[in-house]
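In: What would the 3D arrangement of this be:
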Amino acid sequence: MLQRCQRYLTQNGIRYAHSIHAPAYTACEVASAERILPHELAKVVVYVGDNGPGLVVVPADYNVDLDEVRRLMGLSEIRLATERELSELFPDCELGAMPPFGNLFELPVLVDETIAAAKFMAFSAGTHRDVIRISVADFHRLVNPLVASCAERVRILA
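Out: Purely as a prediction, here's the structure:
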């Protein structure tokens, strides 16, 4: 998946940075390993609605509001994808390390407005060690996601 993402970005003339860190399994752990703030890392949440799966892209320190996603996407039912569904949808990715390029998987993409307003975004690129950084403007040109408020910031207690 990492090579597929890199090839996709290169073929589309997108400048990107790739970094490797020690294995990290949650979005906030990835942000820490990358030495970036959690809201600078985009995490991908996969939902399943009555018309199939889709991606929601939110900052690492946010939780998806599934009721709002259901409303925004015009769904009557919604739930989080199971681990089995994730492994079937993204066979070339480690579980939970999917990139936000729904168009590579023919899946709709909804991006929280907090990411849409940023200049750059970082995201896992198929493994729990690899991160890619690109401009948000380039992400929008590649993916053409729906942008809306669909998540809430999580309070992290120190």
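In: where in the chain is pLDDT low?
Out: Where the chain drops to pLDDT under 70, the residues are 156-158.
In: Strands of that one, start to end?
Out: For the chain, the strands defined by DSSP state E occupy 17-20, 41-49, 52-59, 62-64, 78-80, 109-112, 120-124, 130-135, 146-148, 151-153.
In: So for Leu72, which of these sits nearest?
Out: strand 146-148 (5.2 Å; C-beta to C-beta). Backbone N, C-alpha and C define where each C-beta goes, glycine included.
In: Quick check: longest helix in this structure by residues?
Out: helix 2-11 (DSSP state H).
In: Alpha carbons of that one, as PDB, please.
Out: Output in PDB follows, covering the C-alpha atoms of helix 2-11 (Å, rounded to 0.1, in the frame of the first residue of the first chain):
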ATOM      1  CA  LEU A   2       2.800   2.400   0.800                       C
ATOM      2  CA  GLN A   3       4.200   2.000  -2.800                       C
ATOM      3  CA  ARG A   4       0.700   2.300  -4.200                       C
ATOM      4  CA  CYS A   5       0.200   5.600  -2.400                       C
ATOM      5  CA  GLN A   6       3.700   6.900  -3.400                       C
ATOM      6  CA  ARG A   7       3.100   5.900  -7.100                       C
ATOM      7  CA  TYR A   8      -0.400   7.600  -7.000                       C
ATOM      8  CA  LEU A   9       1.100  10.800  -5.600                       C
ATOM      9  CA  THR A  10       4.000  10.800  -8.100                       C
ATOM     10  CA  GLN A  11       1.800  10.100 -11.100                       C
END
